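Colleague: Model the following, please.
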Amino acid sequence: MKQQALTDAEFDCLSSVLERFGNQRTMNVEELDGFLAALVCSPDSVPPSEYLPEICGGGIFLEDTSAAKPILEDFISLLMRHWNAIVERLRSGDVHPPLLLKDKSGIAHANDWATGFMRGMELRREDWAAPWMIKSMAGGSYPS
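Modeller: Numbers count the residues shown, from 1 in each chain. Have a look, this model is predicted:
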């Protein structure tokens, strides 16, 4: 079954929840998109217990109030749908077009997307720097 991509309204919902976390390390949706793309492409899987605090900038998911539960459940559901849409695109050989926010001048700089991707890589730094990657960077050939 084809994974339904998130709508603009659903991305707005994700953005709204991220803003509610109110932490300086909380991601915006552009950074989140880059972060998830890195996790999907990662040589090793990263469990939600490790990446969720990174997304929201801390331990917000430890909060156990009845008012917060439905909001967090919706947030997780949208997050996983976006994750699965990225996986599906990449597995099918399609390109995952990055979600880029535009500034007041209408320019999409992609800085937050790149920051998110780098943050995702950082969670498995050793795996991204596998010996074949180091060899190819030193002038060796890429594995086939």
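
Colleague: Please report how far the most centrally placed residue in the chain lies from Ile107.
Modeller: For the chain, the residue nearest the mean C-alpha position is Leu36 (2.3 Å; CA atoms, centre = their mean). Computed as CB to CB, to the nearest Å, the Leu36 to Ile107 distance reads 23 Å. Yep, even glycine has a C-beta here, placed from its N, CA and C like the rest.

Colleague: again with Glu50
Modeller: 33 Å.

Colleague: Now Ser42: closest residue in space, sequence neighbours ignored.
Modeller: Nearest non-adjacent residue to Ser42, counting by CB to CB, 6 or more residues apart in numbering: Arg124, 5.2 Å away.

Colleague: list the contacts for the one you found?
Modeller: Listed by CB atoms under 8 Å, 6 or more residues apart in numbering, the contact set of Arg124 reads 42-44, 46.

Colleague: Which pLDDT value goes with it?
Modeller: In this prediction, Arg124 carries a pLDDT score of 91.

Colleague: Make 446 the first number, not 1, from now on.
Modeller: In the new count, where the first residue is 446, that last one comes out as Arg569.

Colleague: what's the weakest-modelled helix or strand in the chain?
Modeller: helix 576-582 (a mean of 54; mean pLDDT, DSSP states H and E).
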